[in-house]
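[1] sharing a model that was predicted from the sequence below.
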Amino acid sequence: MNSPAEPTDGRRTAPAGAGPSPGSARPDADDRRAVTGKRRIAFAAYADEDRMPGLLVLLRSLALTNPAVCEDFLVLHPGLPDSAFDDVRRLHPRLVPRTAESRLDVFRETGYDTVIALGPGMVVLGPLLPLLTLRTGVAAVPQPGTGGGRTVRDEGLLVIQRQDVADAAPDLSAGGGGAALDRALTEAGLLEPLASPYDFPAERLYDDMPVPESTVVLHFGEDSTPSAPAREARERYELDDAAFRAAYCALPGPKHPELLLHCALPFPEGGRAPVDLVRQVAEVHRQQGRYEEAVTLLTAAVADRPDLPRCHETLGISLMALSRHEEAEAHLLLATVSPDFAARAYGQLARLAWLLGRDEDAHAYAREGLDADPADGNCHAWYVRTRPAPPAADPAPAGGQLAHVALFADGQENAGDKVLPEAVRMCFGPDTGPARWHERSVHRLVDEPGLEELNARRGIVVGGGGLFLPDTAPNSNSGWQWNIPGDVLARITAPLAVFAVGYNVFDGQRYRRERFAASLRALVEKSAFFGLRNQGSVDRVRELLPAELRERVRYQPCPTTVARHLDPGPDDDALRDDTVLVNCAYDRAGLRFGHDYGHFLAETAAAVRAVGERAEVRYAAHMPADEKFVHDLRREHGIALPVEPLYLFSNDRIRELYRRTRLVIGMRGHAGMIPFGCGTPIISLVSHPKLAYFLSDIDRPDWGVSVHDRSLGARLAERAAAVLDDHRAAVADVHGRQEHLWSVTRANLAELRDLFGLPDPLPGGPRVPGPRTADAARGLHLPDTRTK
């Protein structure tokens, strides 16, 4: 967690010898890898004092040839003083020094799942990304040995999968090097041969022989006399710190955010850094939630420079996140002068005006954006959303309504976020329309008129959904999605209930907790009811609260998980279609998949083929972006899946689709919770902690498989087969798992009934699903022509 004393230029300071803990996320990141199964990856090298200059060359070459890669770098050493690493720390932001007996300590337990062992005699000349995707054994380049054979060298490049070493050869670190290492790897069946470019010996090059263009790692032996071109390849990376930093910052293409900040900051005093570099650094700050730093950098960069539209756009978005709306609007307007950025900037202006309740201005900005680019999807969405609505014929009395603060999806937005608000309202009775409910988007600023609207209602329900997420509609008023200033929250007088909200931070996601924690405390103090949708969220939120408030945080399952009791449908297994639905998600793909997306796609392709022999496999897209899976699957593995565009469906049709299928294999939270609530068996593709949290709540953790699981395809196929082979038992298990969730929900609703002065929303006890006609499901796979 960042502290107020940290430098505002983005460079963290650390005590001598400090570095990230083994396999840890960064200090301001949320680390839940134990839940998601995400791999912990590190580079490693052994260096004594004499080899330190070689280590510096290695690190420079690694950064300059792989600018988008920045994993922990484990430096094994024989007990060097901490000062020995000062020069190394200036080159890499994630250094982890560790005392070791020898280089073979890379085979010991290091806290990492995958270790790529390099050496100070190596120079990286090409991309190492293929090594980061390896998943099995110990990969190495067998080198020519005595007697015409080939052997694994002690100092050679190794890609070590800790799980395999622990299972098959736990004593490798004590077995000696050379032939002993080679023999141990071979006997254990661990050796995975790599192509020679990944560890090319420089001694093979003599006189003026050039370095082969395919060389990825050039390896200099201690006594080798390489060719002049080989020496030149190494000398390219014998740079001083200033030259190295300048070379890195000047590289084209994507750069890793941490490496960019490490190399770019602090900017040189007395000189002016290149504007594009300032913008890149500010964009990293913005993406990582450090909006103040982004604003500080860009304000200086754009002073008296209206001709920098990209900078003004980033500055405007950052100011909006700080709730400095007037300044944000001014800079976004400056960004519209460029035809290349006008539509994008007008889309942000429309969002800004809408957040402030200026719907007419938002509509006008969206129209300007469409004039600049008629194909801009964001401007089109804002244009439709802000069209004047016809006045209500007979507005309902405010005192008889509940105010509902939530994320209300529309257009082609997330299907789960369309079903969820209605499910929340169904908990309080069958009337989910405007006569009973006053709708207010969680993202719109609660100003004085907004406060009056809320207080005029008989109560306020906030939720459900993963609203505790810092980077969706960021604002400085709360630090999470409800855009309500602290002084306004304090003046709420209507009974306030937080209902089925989730802590939705991704594994490894960075955010600053100070503002969120302060707002959270005030929210818990103000709320008469504070229920979170899974026990994992309850635990995470309690960690951020003082002891005296923790017990006020309770468990309230997402209402989509008890849909059978809120909207009974047919339970006859014979009425189901012979289909299996698959869903994937791609928002924040780097946090979801890490380096394992190719592995995930290949394993899922194998599972789809296996499941396809038992049932028709179709794809359930909750958003248009979800369809990337279908395109990638067809391109990479030749498998075509029909798509169900749930983002175009009505809520009834979404529930009916999930009710009628036999199994759902889903990655989105509501691609598991909605079908589960409809009584359909699920298998969760765990790429976010919330999926594991839900499965833990229903005591079925085996219903989830990590997207990083090495046997993902086989596990999915096996579990899907078990469900399909005894489907009635699987459905009965789902029904049984629902009973606890329904019991908790019923008890909480009884309390909320008293809080809001409502009649029992579910008189006569639980609603028991019973047989009903299946006519509504006819034409389910045809375009939805019903009025929306």
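    Cool, the structure landed. Residues are numbered from 1 along each chain as shown.

[2] okay, and the helix or strand of this structure with the least pLDDT?
    In the chain, no helix or strand scores lower on mean pLDDT, DSSP states H and E than strand 150-151, which sits at a mean of 70.

[3] ok, and the closest non-adjacent residue to A343?
    Leaving aside its sequence neighbours, A343 sits nearest to D373 (Cβ to Cβ, 6 or more residues apart in numbering; 3.6 Å). All C-beta atoms are positioned from the backbone trio N, CA, C, and that covers glycine.

[4] report the rounded mean pLDDT for the longest strand along the chain.
    When the chain is parsed with DSSP state E, its longest strand is strand 496-503. For strand 496-503, the mean per-residue pLDDT is 96.

[5] for it, which strands pair with it and how are they oriented?
    Strand pairing for strand 496-503, determined by DSSP bridges: strand 459-462 (parallel), strand 465-468 (parallel), strand 529-532 (parallel).

[6] and the next helix or strand past that strand?
    helix 513-526 (DSSP states H and E).

[7] OK, contacts around M426?
    Shown in contact with M426 (Cβ atoms under 8 Å, 6 or more residues apart in numbering): 432, 559, 566-567.

[8] try it again at 10 Å.
    M426 makes contacts with 432, 559-560, 562-563, 565-567, 761-762, as judged by Cβ atoms under 10 Å, 6 or more residues apart in numbering.

[9] check R236 too.
    Going by Cβ under 10 Å, 6+ apart, R236 touches 57, 60-61, 64, 123, 125, 247.

[10] which other helices and strands contact the helix or strand hosting E292?
    In this assignment (DSSP H and E), E292 forms part of helix 291-301. Secondary-structure packing of helix 291-301 (3 or more Cβ pairs under 10 Å, 6 or more residues apart in numbering; DSSP states H and E): helix 275-287, helix 309-321, helix 325-335.

[11] report the angle between the axes of it and helix 309-321?
    Between helix 291-301 and helix 309-321, the angle comes out at 140 degrees (axes from the mean of the first three to the mean of the last three Cα atoms, to 10 degrees).

[12] mind saving the C-alpha coords of stretch 354-361 as CSV?
    C-alpha atoms of stretch 354-361 as CSV (Å, rounded to 0.1, in the frame of the first residue of the first chain):
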residue,chain,number,x,y,z
TRP,A,354,-24.2,12.7,-17.6
LEU,A,355,-22.4,12.0,-14.3
LEU,A,356,-23.3,15.6,-13.3
GLY,A,357,-26.9,15.2,-14.3
ARG,A,358,-26.6,17.4,-17.4
ASP,A,359,-28.4,15.1,-19.8
GLU,A,360,-29.0,17.7,-22.5
ASP,A,361,-25.3,18.6,-22.6
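
[13] how far does that stretch sit from the chain's center?
    Distance of stretch 354-361 from the chain centroid (Cα atoms, centre = their mean, to the nearest Å) equals 30 Å.

[14] do the same with stretch 493-504
    With Cα atoms, centre = their mean as the basis, the mean position of stretch 493-504 lies at 24 Å from the chain mean.

[15] ok, stretch 67-84 next?
    With Cα atoms, centre = their mean, you get 27 Å for stretch 67-84.

[16] over to the residue nearest to D48 when sequence neighbours are not counted: give its phi and psi.
    Nearest non-adjacent residue to D48, counting by Cβ to Cβ, 6+ apart: P78, 5.4 Å away. Dihedral pair for P78: phi -80, psi 20, per degrees, to the nearest 10.

[17] how about the one 3 residues further on?
    Its backbone dihedrals place P81 at phi -70, psi 160, with angles given as degrees, to the nearest 10.

[18] what is the burial count for it?
    By other Cβ atoms under 10 Å, 11 other residues sit near P81.

[19] over to P388?
    P388 has 8 neighbours, counted by other Cβ under 10 Å.

[20] and if you look at P434?
    Neighbour tally, P434, other Cβ under 10 Å: 12.

[21] make 134 the starting number, not 1.
    Yep, numbering from 134; the last one is P567 now.

[22] mind pulling up the pLDDT for it?
    For P567, the pLDDT comes out at 93.

[23] could you do A250 as well?
    97.

[24] give me the number of residues near the closest residue to it other than its chain neighbours?
    Counting by Cβ to Cβ, 6+ apart, L291 is the residue found nearest to A250 once chain neighbours are left out, at 4.1 Å. Using other Cβ under 10 Å, L291 has 27 other residues around it.

[25] pretty sure L291 sits against A272.
    Yes: using Cβ atoms under 10 Å, L291 is in contact with A272, at 7.0 Å.

[26] so what's the residue nearest to D181 up against?
    179-182, 232-235.

[27] from Q614, how far out is R645?
    With distances taken as Cβ to Cβ, to the nearest Å, R645 is found 15 Å from Q614.

[28] more neighbours: the two, which one.
    Per other Cβ under 10 Å, whichever of R645 and Q614 has more neighbours is Q614, with 25 against 17.

[29] was I right about that one contacting G597?
    No: if you go by Cβ under 10 Å, Q614 and G597 don't touch, sitting 11.9 Å apart.

[30] overlap in contacts, the two.
    Shared contacts of Q614 and G597, defined by Cβ under 10 Å, 6+ apart, comprise 539-540, 634.

[31] nearest to C444 among those residues?
    Distances from C444 to the shared contacts of Q614 and G597, taken as Cβ to Cβ, are shortest for L540 (30.5 Å).

[32] who's in contact with the closest one?
    546-547, 550-551, 553-554, 574-576, 596-600, 605-606, 614-615.

[33] please pick the buried ones from those.
    Those of the contacts of L540 that meet the buried threshold are 546-547, 550-551, 553-554, 574-576, 596-600, 606, 614-615, by 16 or more other Cβ atoms under 10 Å.

[34] among the residues you listed, which lie within strands?
    Checked against DSSP E, the buried ones among the contacts of L540 include these in strands: 574, 598-600.

[35] just flag the most distant two among those residues.
    Distance extremes for these: the farthest pair is S574 and G599 at 15.4 Å, using Cβ to Cβ.

[36] where exactly do the strands run in the stretch 284-433 of the chain?
    Ranges of strands in the stretch 284-433 of the chain, per DSSP state E, counting those that start in this stretch, are 291-294, 324-326, 333-334, 350-352.

[37] ok, the last one: who's next to it in the sheet?
    Just to be clear, that refers to strand 350-352. Counting by DSSP bridges, strand 350-352 is paired with strand 255-257 (antiparallel), strand 333-334 (parallel).

[38] roughly how far is it from the heart of the chain?
    Going by Cα atoms, centre = their mean, where strand 350-352 is centred and where its chain is centred differ by 35 Å.

[39] could you do stretch 797-817 as well?
    19 Å.

[40] okay, that stretch in CSV with CA atoms only?
    Taking C-alpha atoms only, stretch 797-817 is exported to CSV below (Å, rounded to 0.1, in the frame of the first residue of the first chain):
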residue,chain,number,x,y,z
VAL,A,797,-22.8,-23.9,-18.1
ILE,A,798,-19.0,-23.5,-18.1
GLY,A,799,-18.5,-19.9,-17.4
MET,A,800,-15.9,-17.3,-16.5
ARG,A,801,-18.0,-14.3,-15.7
GLY,A,802,-19.4,-14.2,-12.2
HIS,A,803,-23.0,-14.0,-13.4
ALA,A,804,-22.3,-16.7,-16.0
GLY,A,805,-22.2,-19.0,-13.0
MET,A,806,-24.6,-17.3,-10.6
ILE,A,807,-27.5,-16.8,-13.0
PRO,A,808,-27.6,-20.4,-14.3
PHE,A,809,-27.0,-21.7,-10.8
GLY,A,810,-30.0,-19.7,-9.6
CYS,A,811,-32.1,-21.1,-12.4
GLY,A,812,-31.2,-24.6,-11.2
THR,A,813,-28.6,-25.5,-13.8
PRO,A,814,-25.3,-27.1,-13.0
ILE,A,815,-22.2,-25.0,-13.5
ILE,A,816,-18.4,-25.3,-13.8
SER,A,817,-16.6,-22.1,-13.2
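
[41] that's all I had, so thanks and see you.
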